[in-house]
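In: Generate a structure from the sequence data that follows.
(2 chains)
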Amino acid sequence: MNRNRPLAIAAALAVAASLALAATASAATITMSGSTSIAPLATLLAKAFVKQPQYKGKVKFVILQGGSDIGITDVSRGRVSLGMSSRDPKPADPGGIVFNKIARDAVCVVTNASNPIATLSQTQIQDIFSGRIRSWSQVPGASASGPIDLVVRTAASGTQDAFQNIFMGQTLRVAASATTKASNGLQAQTIKSDPNAIGYASFSFTKGLHDVPYQGVPCTLRNAKSGQYAGTRNFFLVSRGAAKGVAKEFINFVRSNPTALRIVASDWVPLH
Amino acid sequence: MRAGGFWTDARVERLLGGVACIVLALIAGMIAFVFQKAWPSFAHNGLAWFGGGGDVDLQLEDIFNSPADPAHYVYTLHAWPLLWGTFVVTVGAVLVGMVFALLSAIFIVEFAPQRINRVLEPVVRLLAAVPSVVYGLIGILVIVPFVGEHLISLDRKESVANVVQLDGAGLGVGVLILTVMIVPIMIAIVVDALRAVPHGWREGAAALGANRWRVMWTISVRTARPAIVAAAVLATARALGEAIMLSMVAGSASFAPNPIDGITFLFEPTRPLASALVENVEGLSVVPFGQTLFAFAAVLLVSSMLLSLAGFAAKQPMRKYGVRP
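Out: Numbers count the residues shown, from 1 in each chain, chains lettered A, B, ... in the order given. So this is what the prediction gives:
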């Protein structure tokens, strides 16, 4: 088997190269990388875009993931046509890039399914996550007992950034004792296996967990669309300078085409 | 018929020499690159980089949220909890692993019946090849919830609730799974070394009336000591670089577990350097944050280079005896 490996790799490379050549010869390619939260949406939108009569057979997509910051770096260096970012622009971001808002997304506070809290106010969420309240006995309506386990995301996560902006504000910080997880999946798994845990997640990652209503409003897609649920964040497609060519047409398609808006509305919040 | 055809010895020598030089240049280039990237982080903190103070997670967040102006980049970092976490997890796993590996190797070489060995040795080598993420999955789906529900009492959780969360993932689980991961390599190396001990030496001891255990312990293990050190060094290198599994089961909080806490020590979360690196890689685009991550990489790189040197040094006495591990 070892002997065949270089051969197999060479063959794979040759196939990939010829495919790439074929693609460049006949169609424009839009490459994207970045947020794992946006990737499912971007994939659906790309599929719809290439079915449009005027683009059929003329545009191809390559969609990679890696996290919001990877997308921003890639696009600022010109490695991809569009970066996907689920966080707002930061002062230290590379210069010369433009954030094009395409949709909104609900961020829910979640607990273990055995701890179905009826509602939390912003003050309660701030008290819990900043460590001012450390026991479930101090939280009205909690069925868990004992210390509160905070399960949050690492600093570089787009969801962490959104949670900080929406729920914590600029001055409060998540308590130092919190467990910080590197991905949505790890965070969800930790909350699932720990009855004392509380955390936050993008709406599409909350299956199997209890979504805590925020200020009395349940974290559902309908409430997020109607604007009643306040915990929403922005999804961006980031371009290097103003978007040009097919990338610009794609962004316009996502923002205004009825088919695209229907796709966004299926699991996310359209802009209008 | 020409010997070798086009590939004369001189041509092959030049070609292979060139390839070897490329490898060396790659390594040198990589080291230079990592240190060049990491330098601002070390330069701003000085020796305090390796010290304690403050919460590493919050410091990383501040670095990540640095202002755009390069003159005002935040670099303050006191990485001691990460370094201590790396040290405790690695040393713990290698020490526990050493005991198991040595005893299993003695069993395989001297005591195990042939038919058990036929199964045991391939299984050990197979275990050495299991990807670490598989162990991580087993840890996070089975062991961590079990520890959290059955081994950590509510009193224990509450006793430290103001400082750190005990949710099952922690130092003990990390060391346990890391031990399972590195033991197979150690067994393989020690078995080879024990088998390489000259028969005459062992037979001499046996002829003097020593039983098999005594021969093993006084002759074989003693002769193989350098190989045992080499096994420990290799295992340490693997443990040091283990990132994914530990980030899944070791608690994911940049906390320095405190041995004074008694049993609680084993349940306290920690985050080794390699895990901290892989968990924060998303933020590479922020310049000072990326430089901080490269500083982590530089520390890991230097540690593993020192380990390679130690391993090389440990093998020297073995050569002296004419025994090759």
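In: Strands along chain A, start to end?
Out: Along chain A, counting by DSSP state E, strands occupy A:28-34, A:59-63, A:82-85, A:97-111, A:149-153, A:179-181, A:197-202, A:210-212, A:232-240.
In: got the residues of the stretch 101-250 of chain A near chain B?
Out: A:131, A:134-135, A:145-147, A:149-151, A:154-157, A:173, A:176-182, A:186, A:189-190, A:193-194, A:196-197 (C-beta under 8 Å from any C-beta of the partner chain). Glycine gets a C-beta too; all of them are placed from N, C-alpha and C.
In: related to what we said a few turns ago, right, so of the strands of chain A, which gets closest to B:Asp55?
Out: Taking C-beta to C-beta, strand A:179-181 is the member of these nearest to B:Asp55, at 10.8 Å.
In: helices and strands around that closest one, which ones?
Out: With contacts taken as 3 or more C-beta pairs under 8 Å, 6 or more residues apart in numbering or on different chains; DSSP states H and E, strand A:179-181 sits against strand A:149-153, helix A:184-193.
In: between the longest one and strand A:149-153, how many degrees?
Out: The reference is to helix A:184-193. Helix A:184-193 runs at 170 degrees relative to strand A:149-153, counting by axes from the mean of the first three to the mean of the last three C-alpha atoms, to 10 degrees.
In: Could you report the pLDDT at B:Val286?
Out: On pLDDT, B:Val286 comes in at 80.
In: Could you tell me which residues make contact with the closest residue to it other than its chain neighbours?
Out: The shortest distance from B:Val286 to any non-neighbouring residue, by C-beta to C-beta, 6 or more residues apart in numbering or on different chains, is to A:Ala92 (4.8 Å). Taking C-beta atoms under 8 Å, 6 or more residues apart in numbering or on different chains, we find A:Ala92 in contact with B:65-68, B:73, B:286-289.
In: Closest residue of the stretch 101-250 of chain A to chain B?
Out: Nearest residue of the stretch 101-250 of chain A to chain B: A:Ala156, at 3.0 Å (C-beta to the nearest C-beta).
In: That residue contacts B:Phe64, doesn't it?
Out: Yes: between A:Ala156 and B:Phe64 there is a contact under C-beta atoms under 8 Å: 6.0 Å.
In: any common contacting residues for the two?
Out: Residues touching both A:Ala156 and B:Phe64 by C-beta under 8 Å, 6+ apart: B:283, B:286, B:289.
In: on that earlier part again, which of the contacts of A:Ala92 are buried? Put it as a ChimeraX command.
Out: For the buried members of the contacts of A:Ala92, the matching ChimeraX selection, counting by 16 or more other C-beta atoms under 10 Å in any protein chain shown, is:
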select /B:65,66,73,286,287,288,289
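In: what's the nearest residue to the closest residue to chain A within the stretch 201-325 of chain B if we skip its chain neighbours?
Out: Proximity of the stretch 201-325 of chain B to chain A (C-beta to the nearest C-beta) peaks at B:Gly283, 3.0 Å away. Excluding the flanking residues, the one nearest B:Gly283 by C-beta to C-beta, 6+ apart is A:Ala156, at 3.0 Å.
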